[in-house]
Each structure stands twice: as C-alpha cells, then as structure tokens.
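**Q** Have a look at this prediction, sequence included:
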Amino acid sequence: MKKTVLFLIAILSLFAIACAKKPSNMTHEEKAALLPKKLQPLFKGPWKLDVNASSAMNAKAILAKTGIKADVTFDKDVGKAAQFMAKTLTFTFEKKSLNRAYSEKFGEGLLSTEETGWVTVDDDAKNLTLKDGNDKETAYSIEELEEDEKLVLKPKSGGSFEVFIPKGKTPMAAAPAPKTAETAGSPATPTAALAPDARYKKTSYKAGDRVVGKWISTSYYMATIKAKSGDSYQVSWEDGTSGTVKVDDMVPVVKLKDVKVGDRVAACWHSCRSPLYVGTVEKKTATTATVKWNDGSSPSPVNEGSLALF
C-alpha cells in the first residue's frame, strides 16, 4: 500500500511539472509578476528620457554643490526635437527564458537606432547594469523609481542624472532651474551641511502644506505637499518640478509669530527657488525676521512664509 501511495505521488508530481507553464510560453506580464515587488515597475513598460526634467535635476545638483546656476532648458521646436530624439529604455525578458534584457532606442520612426543587451538589477532596485552585445557594461545607481511616474538613473562613472517618465506621459515643460541670487553677497553654505533638529519634524502632512524638504542627498528646498506616498510625500518644488521626500527629511514652513530671536532656521535668501541657507534669527519685526547667516555673511531680512525652524 505504501509503495502504491508513493508511486501515485510521484506520478502526480511529474504531471504537475509537465503542466507547469514554461518560460517560453509565458507573456511579458506573467514573467514580470515573478519579479521582486520593487522591480516590477521597472519592467512595466517603456521609459522615455525627459530632457527638461533631466536638465533641471542636474542644474539643481550643480547649484547645491557649487552655487553656479546652469539653467539650460529646451523650449518650442528645439524642445520638441530634443524630446523626439531622446532615448527610450525598455526592460524585458529573453523570449524563451526569464533572463532579463533591455533595449535602448534613440529617436523615433525611421530616424531611430536601437541597441539591445542584458540587464542585471538588485532585488531592492538600487543598482542596475546594462551589458550590450559587445560585452560593454554601464553601471547605474537607481536614485528614484516610482510606478507610472518617474525613473531616475545616475551613471556610476560620474555622469549626469537621467530622468525617465513612462512613454506617452507628458514631459516637463521648459522652465528655468532654480537660480542663485543675481547680486553678490549670498551666503556660501546652503543647508546641505546640516540636518533639521528632530524637535521640529512632523509625522504627517496634508496636501497644500508648505515644507522645506531634502532634495536627493544635497540641499533643502521649499516645496508644497501634493499627496502621501507610503512613508514619503509627493511634493512640488518651488521651481515647478516634482519629487518624493521622506517624512523624516522635511520640516514645516512656519509663521513669523512662531519664531523667536535666537532660533536656528533654514531660510530663503533672495529667492525661494534656490537652496535654503541656515542661520540664526537676530531680530524680528511684524513682517520680517533678520537672519544672521552661519557662514558670516551679512544678516538680511526674511519675509513671512520663507523660513522653517531647523
């Protein structure tokens, strides 16, 4: 009897294996569903480079690091041509296996060129490597990956940020990147050198709240809350671009009545489109707080709605 049961189990197991769907018969969607959850958005569909969003992100990084403005944007016919010729990345699988592959296409239609190869990516969607048909490898860090929203890659060789959006989604319109002050005398050290005091952080925000949020791993910028997204919030930066900020990397913008002389603050200098700077409130009036900047720059008045306790 025991042998009969084992024999039946063996037969059923072989039957189950024979009936199991082979990779060669699976659709792209079925293969993608087998991936770790964090990787699934990457394989959902083609990603088109957004030339203006990429330019704005790189300008913001340069500004935060050096104080130099680099506000190159593509407008009108030039913008349309640049977007038309921009590359499209598609992550897929080999036809008869679960091996991960990619195609990198430049341009559209008859003017396009395409390259294919293999892709390796961490299960936690932090690192990605493309390997072409000539065994040339290009390694990237995945800075952001939001389903139906954005993919941000940065070459590990030290290249520029590349911002991709789902193909078919409207790209960012030409808009100036954050600018530094046009006159001399701005503080030299932005908020990158410091982090907000835990006392001033909040655990939740609502749409429309004004905050000072951390952009990538550099400085803090003024932003407006759009929506909650897990343990983060989708925000609209002052320069018109969008992003996602963790709740621990932001503090609320405060009213002047909630600030007192001696408080450390992050505040706008000249323009709230630029990175905020850190200083101490030296004196107050009914409409402004005079901030003594940390780097020794001349104190200057800051208006209502342009500072946060830091």
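**A** Received it, and whenever you're ready, just let me know what you need.
**Q** Distance from the helix or strand hosting Lys105 to the middle of the chain?
**A** Element membership for Lys105 (DSSP states H and E) is strand 100-106. Here the centre of strand 100-106 is set off from its chain's centre by 21 Å, with C-alpha atoms, centre = their mean, to the nearest Å.
**Q** The next helix or strand after it pairs with which strands?
**A** For strand 100-106, the following helix or strand on the C-terminal side (DSSP H and E) is strand 113-121. Strand pairing for strand 113-121, determined by DSSP bridges: strand 100-106 (antiparallel), strand 127-132 (antiparallel).
**Q** Distance to Leu34, mean neighbour count and mean pLDDT added to the ones you listed, as TSV?
**A** Heads up, the C-betas are built off the backbone N, CA and C, glycines and all. Below are these laid out as TSV (distance: least, C-beta to C-beta, whole Å; neighbours: other C-beta atoms under 10 Å; pLDDT from 0 to 100):
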stretch	distance to Leu34	mean neighbour count	mean pLDDT
strand 100-106	11	17	95
strand 127-132	18	17	95
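**Q** now for the ones you listed, which one comes closest to Gly117?
**A** When those are compared by C-beta to C-beta, strand 127-132 sits nearest Gly117, at 4.1 Å.
**Q** Give the rounded mean pLDDT of the helix or strand following the closest one.
**A** Using DSSP H and E, the next helix or strand after strand 127-132 towards the C-terminus is strand 137-146. On average, the pLDDT along strand 137-146 is 92.
**Q** Stretch 149-161 too?
**A** What stretch 149-161 shows for mean pLDDT is 90.
**Q** For that stretch, list every residue counted as buried.
**A** For stretch 149-161, burial by neighbour count (16 or more other C-beta atoms under 10 Å) applies to Lys150, Leu151, Val152, Leu153, Lys154, Phe161.
**Q** Make CSV from the strands paired with strand 113-121 and add distance to Lys65 to it.
**A** Putting those into CSV (distance: least, C-beta to C-beta, whole Å) gives the following:
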stretch, distance to Lys65
strand 100-106, 28
strand 127-132, 23
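**Q** between those strands, which one is nearest to Ser54?
**A** Evaluated with C-beta to C-beta, the strands paired with strand 113-121 place strand 100-106 nearest to Ser54, the distance being 14.6 Å.
**Q** which residues are contacting that closest one?
**A** 43, 85-94, 112-121, 130 (C-beta atoms under 8 Å, 6 or more residues apart in numbering).
**Q** Give me the buried subset of these.
**A** Buried subset of these (neighbour count, 16+ other C-beta under 10 Å): 43, 86-93, 117-119, 121, 130.
**Q** out of the buried residues of stretch 149-161, which one sits closest to Ser141?
**A** Closest to Ser141, out of all of the buried residues of stretch 149-161 and judged by C-beta to C-beta, is Lys154, at 5.1 Å.
**Q** Against which helices or strands is the helix or strand harbouring the closest one packed?
**A** In the assignment (DSSP H and E), Lys154 maps to strand 150-155. Judged by 3 or more C-beta pairs under 8 Å, 6 or more residues apart in numbering; DSSP states H and E, strand 150-155 is in contact with strand 137-146, strand 162-166.
**Q** Give me the angle between the longest one and strand 113-121.
**A** If I follow you right, that is strand 137-146. Going by axes from the mean of the first three to the mean of the last three C-alpha atoms, to 10 degrees, strand 137-146 is angled at 80 degrees with respect to strand 113-121.
**Q** Show me what strand 137-146 is in contact with.
**A** Outside strand 137-146, the residues touching it (C-beta under 8 Å, 6+ apart) are 38, 41-42, 121, 125-131, 150-157, 161, 216, 229, 243-244.
**Q** 7 Å instead, please
**A** The contact list for strand 137-146 (C-beta atoms under 7 Å, 6 or more residues apart in numbering) reads 41-42, 125-131, 150-156, 161, 216, 244.
**Q** One more: the last one?
**A** Contacts to strand 162-166, defined as C-beta under 7 Å, 6+ apart, come from residues 45, 47-50, 53-54, 57, 89, 148, 150-153, 171.
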